[in-house]
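*Asks:* Below: sequence and its predicted model.
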Amino acid sequence: MVRAIRGAVMLDADRESEVAQWVPVVIHQLLQKNRITEKRIISITFSVTRDIQSFNPAAALRREGFADIPLFVIQEAEFKNSYPRLIRVLMYYRTGIFGNGLRKTNPVYINGAEKLRPDLFS
């Protein structure tokens, strides 16, 4: 069965070092909290706010390996009162589990991105 899990991280500044630091953290936390192995990942899509231009999140993750996983980056649509310096993640993966054996997914929102989902982090 295929599932998807969400995550996000807010950068302190638009710097290559920030992207390179935080992208692997959010991905590794998604894997750990959801007991997903890298070989089960189908693809990962990153979206970035317009103010992130210093470094590609996919390139940051490639530095950590993930060589056989399709990675894609898009720019987010702009909306009034949107938060700045956000990288969002949508990861598709195979569960190997069907029917009632599925467990709840655990999204990961870190470094200020928790405010995107107050329903999860109150």
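*Replies:* Cool, the structure landed.

*Asks:* From the chain's centroid, how far away is the lengthiest helix in the chain?
*Replies:* Looking across the chain with DSSP state H, the single longest helix is helix 16-33. Mean C-alpha position of helix 16-33 versus that of the full chain (C-alpha atoms, centre = their mean, to the nearest Å) differs by 8 Å.

*Asks:* Now the next helix or strand after that helix: average pLDDT?
*Replies:* Scanning forward in sequence from helix 16-33 by DSSP states H and E, the next helix or strand is strand 41-48. On average, the pLDDT along strand 41-48 is 98.

*Asks:* got it, and stretch 109-122?
*Replies:* 86.

*Asks:* now do stretch 52-61
*Replies:* Mean pLDDT, stretch 52-61: 97.

*Asks:* now do stretch 23-30
*Replies:* Computed over stretch 23-30, the mean pLDDT rounds to 98.

*Asks:* Kindly format the C-alpha coordinates of that stretch as CSV.
*Replies:* Listed next in CSV are the C-alpha coordinates belonging to stretch 23-30 (Å, rounded to 0.1, in the frame of the first residue of the first chain):
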residue,chain,number,x,y,z
VAL,A,23,16.5,19.3,5.2
PRO,A,24,18.2,16.1,6.3
VAL,A,25,16.9,16.6,9.9
VAL,A,26,13.3,16.8,8.8
ILE,A,27,13.7,13.8,6.5
HIS,A,28,15.4,11.7,9.0
GLN,A,29,12.8,12.5,11.7
LEU,A,30,10.0,11.6,9.3
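
*Asks:* Can you name every helix or strand that the longest helix of the chain contacts?
*Replies:* strand 2-10, helix 57-62, strand 86-94, strand 108-110 (3 or more C-beta pairs under 8 Å, 6 or more residues apart in numbering; DSSP states H and E). C-beta: built from backbone N, CA, C; applies to glycine.
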